Every structure is written in structure tokens, then in C-alpha cells.
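[1] Please find the sequence and the predicted model below.
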Protein chains: 2
Amino acid sequence: MIKLEALRVFVTVAESGNIKDAADTVGRTASAVSMTLKQLEDEIGGPLFQTDRKNSLTALGNLMLDLGREQIRSFDKSIGIMRAFAHSRIGSLSIASVPSVATNVLPPILQRFLETRPQVEVELFDIDSAQVRRMVESGVADIGIAGESRAGGGVEFTPLFSDRFKLLCKDDHELCQLERPVEWSDLHGATLIRNGASDRIDAEAYKQLSARSLMTVYNVTSLVALVKAGLGLTILPSLTMHGAHDGVAVLELADAAASRQVGLVERRDVSPSPVAAAFRAFALKEIPALVASRLED
Amino acid sequence: MIKLEALRVFVTVAESGNIKDAADTVGRTASAVSMTLKQLEDEIGGPLFQTDRKNSLTALGNLMLDLGREQIRSFDKSIGIMRAFAHSRIGSLSIASVPSVATNVLPPILQRFLETRPQVEVELFDIDSAQVRRMVESGVADIGIAGESRAGGGVEFTPLFSDRFKLLCKDDHELCQLERPVEWSDLHGATLIRNGASDRIDAEAYKQLSARSLMTVYNVTSLVALVKAGLGLTILPSLTMHGAHDGVAVLELADAAASRQVGLVERRDVSPSPVAAAFRAFALKEIPALVASRLED
DNA sequence: CACCAACTTCAATTCTTCTGAAATTGATAA
DNA sequence: TTATCAATTTCAGAAGAATTGAAGTTGGTG
């Protein structure tokens, strides 16, 4: 059975024009090289060199030099591709994320992740939690970032960080006079504007407030505008409204349970590509740290 | 260093879906296959299968399966081409031959030579001895068949057969009455038609006859027509006029030295392609035998 | 929960390839 | 032509890699 290694030796000898130099190049003794050549000639069925001074090839030798070089080049390239892929230097990565994370967290994370991976292609979808789960489940996205979901389904949830809900109101609102975190009872009689995220709050007091609310707004920018215009107050995860807004105040909630768990959503039973696995590990390590520093401000 | 053999094992396992069957296929034990796979994963830098039941591949495994299959296919094909070439099953063969051999000898020889070599391409030039030598020397022809030449030059001559000169005359010529081989002296006063081949005869008596000749004809068909028309007689190698002609007689010459040596003409110091080498050996063995049987008739 | 089949691990063995010394070869110069 | 010298080949032993069979794990299934 002819081995690629034997072809490597042959090509080196053909290029050197003698066994001694070729032996040095491949790091073997001349006798080892000589024997390899002999075996190669036996197996291929004919002489490769014109004389035993290896400076001129037979027609068969020329053919083997051409074909051999091509095989070596192609083999090494394939191995290179496999290694690059294994080390997640190439490949594609499709991420589905809720908007708050996609906007406030992912940009610097992705930038650092891709710094050493010039050949990785990334797609980033910002959609709501339910859709994130659907995209991951269907395989359209390799990995998702969303709020925790109840039903298991085909996906698995790994927490990244928890994000407390805060109260958003006009800065001349009477609640701003309170020198302490806001209790649910403080909101008695207030006008609540519901939004997509706040439905996750389990507190009974909140549910009652919510039930009496007449308005639901999904777009954060519109929501802030409405609050600023004095139409009511709203409750949002702090990450969602990151960045100060003139004319509105952000107040702490006393209820520590009023928070959402944000985490990775992955398909169960399907092994991720090396890039996805690497991103998973990177995200798990870096996102909590980044969010912690962001929420300090 | 990753070996092609390891890729073969991997591809077999990926295709079998389990180690046991793959081990049977490649003729190894399951443990050998398992170790090869482990080594491959270490060297490539990632897992190839989702679990240790080898029935589903990781993304990396799929990549390796694709690239690996292609490498194996391509390598085996290259080796096949080299072997076919070495065994002269493919390649090209350019032969330059004097017309008598090209017409009377080469057709059946080539037919048999090519029977087991469907992919060999042959070119056959029929030209005179001097040109044969020139074509071989310049490398245009791989091998030549011609009469022996004096000067060595860049070519080498290997005898194949010797071809006696015979006398060709009208069948009612008075020489036909002789019950013995013709002596040079018998030709005293006869009209000789010279031809391209007969100049090779060294006998002094012939040279004198030749010097007095007024006509030289190179084309054998014309030559025979002239003899038949009674314009004179001529002397030709017997192979040249193989096949009977009505109205002309072929007479033996007493001078045993009146013969030409026909043989192979090859370039010195240049190794022949495998096809050429095979044809050389074949010709050396078959042509003398064929000619002997032809000249018996 | 126990069983079974598939897989992995380990140490011993076998097979391959390599090395270093000696012999051979072929070119070059005397 | 012969002497010389470096390259190559040959050979036997050494080193290294792959393989085996037995024992130990593991994961799925009834």
C-alpha cells in the first residue's frame, strides 16, 4: 500500500536532485530515504530515476512528481481546513437574540470573539423571546439569547444573567420624591403602560395593575416618549432602557423577585459546530461580566 | 502527523455507523479502530462523533467525511494512473519506421501490442532510414525502425533481423532459366534500375553495375511496374517486395553478404517512457519471429 | 434496575520504519 | 587505465507505531 508519506519523500528527492540533501530536508538518514524510494518503485511498478544518482527523472518519475505534488498540496490543504474549522477559525454562526441584548451586549462581545477568527461569518437576528426559541428549535439559528421560557420543548436554557425590572416615570412624578425603592402598593392608582417584557413579572400586585392597564407598547423608544409625555409609567428590565433619557426617571423596585433571567437557548441533542461551541463558551464567560459592569452605572 | 490511512478508517466508520462493522470492513479489531479515531480527533482538534456510539457525526465530522472521501478518491486515482503508466497501459508512443517494415511488419505487431493497452496512443511515421534517425534523435519519435547506419550520433542501433537482397526481373527474362542463385557476374550487360535501398550493398561488382545504371526509382510500386514493362531489373530487400507480383520473378542472389540489417533506433542517454520500453521489448521478441515466418513463404 | 452490546483502555506483541556501519557504485582526476 | 571520493545501497539491529486480546466502561433497553 503506497503511502502519502512516501510521495513526500519522493517529491523532496526529486526537487533536491540527490538523496543526501533530501534526507536532511525530511529529517531522515540517506539510507531511510533510499529504502523508501526503492519500496515506492516496487509498488508503483517501475523506476523513477534514470540512474542511482537521483538527478534526473524517468517519464514515470515526472508523472509521479506532478501527481504527487498535487496530492500533497491538496491533502495538506484539507487537513488545514479541518483544523481551522475544529478551532472555530472558520464556519458560520447564526445568533438570534432579544433586542435588548442584541443592542446593548452583543456588539462588543462579537467584536472580541471575531478578532481572532477572521473567516467566521456571523448573522445576528434581533427578535422577541418566543421567536428566538422558534429559530433555535428549527435550526435556523445556532444559538439564541432570550428570557427564560417555561416549556422545555426541543431547546435548552442556560442562564447568563438576571436583569431586574425598574420603574420608568416622568421625572417630576410624585414617586420620585420617595427616598426608597418603590413598593407595588405605591403604584396604587397609577396609570401603567404595558410592554412586551413586563408580562414576565409574577407578582400578584403587578398582575392586578397590569390588568387595569389600557395601553400596551412594544417599541422601547415609543414607550419612553409616552412616559415622558406624562401618559403613564412603565416597568422594564434595566438593560432594555440602558442609557439615560432626559425628562424620565428610573426608579428601583423593592420586589427583588421582579427580574427576568436572560440566557442561552440551544437545541437539545444536536451538537453545535465548533464555532457555535466556541461562541457558547465565550458568551458564558464574557456576557455576565459585561452585563455586571454595565448595570453598575 | 495525520495519515491518509486514518482518514480511510474514519470514513469507513462514518459510513458504517459503528466501530464493529467498520473494523470488519477494514480488517482490524474494534480496538485498533477506536484508537485510530481517538488519535485523529486529538490531531484535528475536536470531536468527530456526537457520542461514543458512532452513529452520528458532529459538524466537524461531516466536514471530515466530505473532505476525507475526496482525498481518498483523488489519491487512489492518482496512484492508479501512475501504476497504469508504469505498466504501459496508458501513455503515447511515436514510432518512425522505414516503409517496408511499416507496411509488412508493424501492423500485426502493433495490433497485438495494443490489445491489452486500450489507452495507449500510437503515431506511426513511415519515412526513410535517414529521416527515421533524425526523428529519433530529435525526440519526435520515441523509437525508430531502420536499416543500420554507420555513424553513431545520438542514437543507438539494435538489430532486429537481416533482410537479404533479391533480384527482381521480368518473368520471361533469361536469368530465370538459371537453376541456381544469381551471381553478380551473371548480371554483366543487364540494365539495372537503382532504388533507395539497394545503395546499401557493399559488393564491388554491384557498385560497378550501379554506376552504369541510368535510372533510380524510389517508389516500390513504380519500380515493379518498370520491371514488369521490361525496362530492366532491380535489386531489393526481400521484405520490401513481399507479396507476389504477376509477371515478375524474384530470384535469389548468391552473394550472402547482400543483405541489410534492420533494427531499432533509439536515443542514447534518454530513458524511454514505460510504453516505449514495453514496445521495445515486445518488438525485440516478436519482430524477428514474424519476419522469419514471413520470409519463409 | 439489571443486562447487553458497543466502545475504550491497557499491556504485550507484531509489524514497520529508521539508523549506523559496511559494501558498492560511478564519476573525476591522476 | 587506475586511484580516489562522495553518493548510494544494503544489512542487521534498534526504535517506534500500530495492532491485538482481555478487561473495564458506558449507555441504551427491556
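    Sure, I can see it. Numbering: from 1, shown residues only, chains lettered A, B, ... in the order given.
[2] What ranges does chain A have for its strands?
    For chain A, the strands defined by DSSP state E cover A:90-97, A:119-126, A:143-147, A:155-170, A:193-194, A:215-216, A:234-237, A:248-251, A:259-267.
[3] could you give the mean pLDDT of stretch A:31-42?
    Stretch A:31-42 comes out with an average pLDDT of 96.
[4] Mind checking if that stretch is in reach of DNA strand C?
    Yes. Stretch A:31-42 is in contact with DNA strand C by Cβ under 7 Å from any atom of the strand, via A:31-32, A:35-36, A:39. (Glycine included, C-beta is placed from N, CA and C.)
[5] Narrow these to those in helices?
    Judged by DSSP state H, these include A:31-32, A:35-36, A:39 as members of helices.
[6] Could you dump the residues you listed into CSV and include distance to DNA strand D and neighbour count?
    Putting these into CSV (distance: Cβ to the nearest atom of the strand, whole Å; neighbours: other Cβ atoms under 10 Å in any protein chain shown) gives the following:
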residue, distance to DNA strand D, neighbour count
A:31, 3, 10
A:32, 8, 14
A:35, 5, 13
A:36, 9, 22
A:39, 10, 14
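[7] Walk me through the domains of chain A.
    Following automatic domain parsing, chain A resolves into domains at A:4-86, A:90-160+A:260-296, A:164-258.
[8] Within range of DNA strand C, give me the residues from chain A.
    By Cβ under 7 Å from any atom of the strand, the residues of chain A that approach DNA strand C are A:3, A:5, A:27-29, A:31-32, A:35-36, A:39, A:51-53.
[9] just those that are near chain B?
    Among the residues of chain A next to DNA strand C, the ones lying near chain B by Cβ under 8 Å from any Cβ of the partner chain are A:3, A:5.
[10] Can you give me the end-to-end span of stretch A:186-198?
    18 Å (Cα to Cα, to the nearest Å).
[11] let me redo that: stretch A:249-260
    Taking Cα to Cα, stretch A:249-260 runs 21 Å from one end to the other.
[12] how about the helix ranked longest in chain A, does it reach DNA strand D?
    Ranked by residue count and defined by DSSP H, the top helix of chain A is helix A:59-86. No. Judged by Cβ under 7 Å from any atom of the strand, helix A:59-86 stays clear of DNA strand D, getting no closer than 12.4 Å.
[13] where does the closest residue to chain B within the stretch 101-250 of chain A fall, phi/psi-wise?
    In the stretch 101-250 of chain A, the residue that lies nearest chain B is residue A:142 (9.6 Å; Cβ to the nearest Cβ). Recorded main-chain torsions at residue A:142 are phi -70, psi -30, according to degrees, to the nearest 10.
[14] Contacts only, for it.
    Neighbour list for residue A:142: A:93-95, A:136, A:272-273, A:275-276, A:279 [criterion: Cβ atoms under 8 Å, 6 or more residues apart in numbering or on different chains].
[15] switch the cut-off to 6 Å
    Each residue near residue A:142 by Cβ atoms under 6 Å, 6 or more residues apart in numbering or on different chains is listed here: A:93-94, A:276.
[16] What of residue A:137?
    Residues near residue A:137 by Cβ under 6 Å, 6+ apart: A:154-155.
[17] State the pLDDT value of the nearest residue to residue A:287 once chain neighbours are set aside.
    Of all residues not flanking residue A:287 in the chain, residue A:160 sits nearest, at 4.9 Å (Cβ to Cβ, 6 or more residues apart in numbering or on different chains). Residue A:160 carries a pLDDT value of 95.
[18] Confirm for me that residue A:160 is in contact with residue A:285.
    No. Residue A:160 is not in contact with residue A:285 according to Cβ atoms under 6 Å; the separation is 10.2 Å.
[19] Which of these two has more residues huddled nearby?
    Between residue A:160 and residue A:285, residue A:160 has the larger neighbour count (other Cβ atoms under 10 Å in any protein chain shown), namely 21 against 9.
[20] ok, now which ones touch the more buried one?
    Contacts of residue A:160 by Cβ under 6 Å, 6+ apart are A:262-263, A:287-288.
[21] who wins for neighbours among these?
    Neighbour counts for those peak at residue A:262, which has 26 neighbours (criterion: other Cβ under 10 Å).
[22] Roughly how far does that residue sit from chain B?
    Per Cβ to the nearest Cβ, to the nearest Å, residue A:262 is found 26 Å from chain B.
[23] hmm, back to that, determine which of the domains of chain A approaches residue B:104 most closely.
    domain A:4-86 (30.0 Å; Cβ to Cβ).
[24] From start to finish, how long is the closest one in a straight line?
    End-to-end for domain A:4-86, by Cα to Cα: 23 Å.
[25] re the thing from before, out of the domains of chain A, which gets the lowest mean score?
    domain A:164-258 has the lowest average pLDDT among the domains of chain A, namely a mean of 87.
[26] Report the separation between residue A:181 and residue A:85.
    With distances taken as Cβ to Cβ, to the nearest Å, residue A:181 is found 50 Å from residue A:85.
[27] nope, residue A:251 is what I meant
    50 Å.
[28] Just want to know which of the two has more residues nearby.
    Set side by side, residue A:251 and residue A:85 show more neighbours around residue A:85, with 23 against 19, by other Cβ under 10 Å.
[29] pretty sure the more buried one is touching residue B:62, no?
    No. Residue A:85 is beyond contact range of residue B:62, at 10.0 Å (criterion: Cβ under 6 Å).
[30] about what we covered before: for the residues of stretch A:31-42 next to DNA strand C, give me CSV that also has distance to residue B:228.
    Formatted as CSV, the residues of stretch A:31-42 next to DNA strand C follow (distance: Cβ to Cβ, whole Å):
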residue, distance to residue B:228
A:31, 72
A:32, 73
A:35, 68
A:36, 67
A:39, 65
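[31] For the closest residue to DNA strand C within the stretch 151-297 of chain A, give me its contacts.
    Residue nearest to DNA strand C within the stretch 151-297 of chain A (Cβ to the nearest atom of the strand): residue A:271, separated by 14.6 Å. Residues in contact with residue A:271 (Cβ under 6 Å, 6+ apart) are B:50, B:58.
[32] what about it, distance to residue A:92?
    Taking Cβ to Cβ, one finds residue A:271 at 16 Å from residue A:92.
[33] Not counting its neighbours along the chain, what's nearest residue A:91?
    In space, and not counting its chain neighbours, residue A:91 is closest to residue A:275: 3.8 Å by Cβ to Cβ, 6+ apart.
[34] what's the neighbour count on the residue nearest to residue A:194 when sequence neighbours are not counted?
    What sits nearest to residue A:194 in space, not counting adjacent residues and going by Cβ to Cβ, 6+ apart, is residue A:216, at 4.1 Å. Residues lying near residue A:216 (other Cβ under 10 Å) number 15.
[35] go on, the one 10 residues further on?
    By other Cβ under 10 Å, the residues close to residue A:226 number 18.
[36] Could you do residue A:15 as well?
    Using other Cβ under 10 Å, the number of residues around residue A:15 comes to 12.
[37] any idea how far it lies from chain B?
    Taking Cβ to the nearest Cβ, one finds residue A:15 at 18 Å from chain B.
[38] ok, now residue A:16?
    On the measure of Cβ to the nearest Cβ, residue A:16 and chain B end up 20 Å apart.
[39] Chain neighbours aside, what residue packs nearest to that residue?
    residue A:22 (4.1 Å).
[40] Please report how far the one you found lies from residue A:221.
    Here the criterion is Cβ to Cβ. By it, residue A:22 lies 70 Å from residue A:221.
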